[in-house]
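Participant: Got a predicted structure here, sequence first:
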Amino acid sequence: MVYGDLLTRFCSICGRLESPEMPLVDNLCWDCYKARNKMIIVPKDLTMEFCGSCGSYKLHGNWVKPKGLGDPKLSSAMEFVEEHVKLKGSGSLRALEARGIGGGRISVLVRAHGTVDSRIPVYDEELWVDLKVKSVVCPRCAKVASGYFSSIVQVRAHGRPLTQHELSIINEIVEKVLNSEFNRSGFTLNYKVEAVRGGLDYKFDNFRLARKVAYEIYKRLGALIKESHKVIGFDGSRGSRISRLSISVRLPSFSMGDIVNFNGRIARYEGFSGGKFLYYDLESGVKGSVNYRDAWHGNVEINIICRSNELYSGFVNSITDDGVEVVDSSGRVYKALKPSSFNIDVGNHVNFIVFNGKTIIVSKRRGFIER
Ligand SMILES: [Zn+2]
Ligand SMILES: [Zn+2]
C-alpha cells in the first residue's frame, strides 16, 4: 500500500519492520529494545559474608539464617542475590537455582517476570548472577567459640536432687523453647547444659531464651524464679554496659508422687497446674491444692513424709470391717485403714506409709501378679 509504505518504520538495529502488533519503542523492535535494556540490574562486586559454623549470612547489616532448605551457602546466595539485584521497569524477581563456580564464587540464576517498558508486553528474562562469598565467623559464633554466654539458668531443687521425671520435663521444655525460637527468628540458638552439684546449668547467648525457659519450668513444675544481673563489662562501640543474666529456678522440696504433709493433711503430691500444687488427701480421698505463693512464702506447713521411691510395699492379707491387714516381704504385719477412694482385694500388692503410728495405703502396685 502506498500510504503504508510511506508510514512504515523499521528497527534501527536489526532493520525489522514495524507492525501494528509490534510498534517500535524508541526506534527499536521489542527484541532489540529488550536486549539493550535489561530488566535485571546487577550491582557491581556482589560480596556476601557467610558464617560456615552456623550457616547464616549478613544481610543489610544483620546476620540471618537462610529460609530455604538444602545447602545453607547456596540458599543464602539465592536470598542474598534476590535482595541485591534490582528490577528495572515493573514485575517480580526470583532466584531459581545456585551453583558453586569455584574460587569462592557462586552463580545464581535469576528470573525476572515483567516488562522493562510499559509499551512492551510482559515477558521473562533470566540471568546468571555471580557473587563472591567471603567466609567469616559471625559475632554470635565468635562469642560461643570464646565460651561466652550472656545468660545462665540455674535449675535446682530445694534440699534434694532433681528427679528423673523432672529432668526429662526440663529437657523437653528446653528443646521446645529452642525449636519455637528457631522457627520464629531463624537464628541458630547456641546453648550449653552443664550438670553441676544439685542440678543443671543452662547457658544461653540470649536473655529472651533464658527467661522463656525459666518461665516454662515455673509453669510446669511450680518453680520459684529469681533473676539477677551482673555487669561484666562495657561495650565501647555501643556505649552500653554488658551484663550477664542469672536466673535461679528452684523446684519445691517435694516432687511428683511424694507423700507430703500439706497443712496437716497427709497427701500425695500430684503435680503443679494452674498456679497450684495439687494433692490427693490419702485419708479423706479428697483432692486439694496449695497456692503457689502460699507454698513459697511459707504460709502453709509443708513437710515431706515419704519420698515416692521410699514407700513400703506389701500384700493385702485380709480385709475386715475394722481394716486391712498388710504383710511386707519380711512377714511383718501392718494394720491399715481401708483406702477411701479405691478398692483393694485380698492378695493385692500395695504401697503404704507408716506415719505417726498409722499405716496408710497409698496405692495399688501395678505390674504384679496377684496371688
Ligand atoms: Zn531489532
Ligand atoms: Zn555463625
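Facilitator: Looks like it came in fine. Ligands and ions are numbered 1, 2, ... in the order given.

Participant: For the top helix by length along the chain, give me every contacting residue.
Facilitator: Of all segments of type helix in the chain, defined using DSSP state H, the longest is helix 164-185. With CB atoms under 8 Å, 6 or more residues apart in numbering as the contact definition, helix 164-185 has outside contacts at 65, 155, 157, 162, 187-189, 191, 193, 200, 202, 206, 208-209, 212-213, 216-217, 220-221, 251, 255-256. Any C-beta I mention is one placed from the backbone N, CA and C, and that applies to glycine too.

Participant: Of these, select the buried ones using a ChimeraX command.
Facilitator: Filtering the contacts of helix 164-185 down to the buried ones (16 or more other CB atoms under 10 Å) takes a single ChimeraX command:
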select :65,155,157,162,187,188,189,191,200,202,206,209,212,213,216,217,220,221,251,255
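
Participant: can you tell me how far Pro111 sits from ligand 2?
Facilitator: One correction, residue 111 is Arg, not Pro. For Arg111, the distance to ligand 2 (CB to the ion, to the nearest Å) stands at 30 Å.

Participant: Contact partners for the closest residue to that residue other than its chain neighbours?
Facilitator: What sits nearest to Arg111 in space, not counting adjacent residues and going by CB to CB, 6 or more residues apart in numbering, is Glu126, at 4.8 Å. Counting by CB under 8 Å, 6+ apart, Glu126 makes contact with 96, 109-112.

Participant: same deal with Ile259?
Facilitator: Shown in contact with Ile259 (CB under 8 Å, 6+ apart): 266-269, 282, 304-308, 311, 353, 355, 362.

Participant: 10 Å instead, please
Facilitator: Ile259 sits next to 266-269, 279-280, 282, 304-308, 310-311, 351-353, 355, 360, 362 when contact means CB atoms under 10 Å, 6 or more residues apart in numbering.

Participant: of those residues, buried ones?
Facilitator: 266-269, 279-280, 282, 304-306, 308, 311, 351-353, 360, 362.

Participant: Surely Val110 touches Leu127?
Facilitator: Yes: using CB atoms under 10 Å, Val110 is in contact with Leu127, at 5.4 Å.

Participant: Now the common contact residues for those two.
Facilitator: In contact with both Val110 and Leu127: 39-40, 42, 81, 85, using CB under 10 Å, 6+ apart.

Participant: Show the contacting residues for Gly275.
Facilitator: Contacts of Gly275 by CB under 10 Å, 6+ apart are 218-219, 222, 289, 291-293.

Participant: okay, the angle between the one helix or strand Glu216 maps to and helix 164-185?
Facilitator: Counting by DSSP states H and E, the element that carries Glu216 is helix 207-221. Orientation check (axes from the mean of the first three to the mean of the last three CA atoms, to 10 degrees): helix 207-221 against helix 164-185 gives 140 degrees.

Participant: pLDDT of helix 207-221, averaged?
Facilitator: Regarding helix 207-221, the rounded mean pLDDT is 95.

Participant: Just checking the distance from it to the centre of its chain.
Facilitator: 11 Å (CA atoms, centre = their mean, to the nearest Å).

Participant: returning to what we had before: now the contacts of Gly275: which count as buried?
Facilitator: 218, 222, 289, 292.

Participant: Look up how far Arg250 lies from the first one.
Facilitator: Same thing as Tyr218. 10 Å (CB to CB, to the nearest Å).
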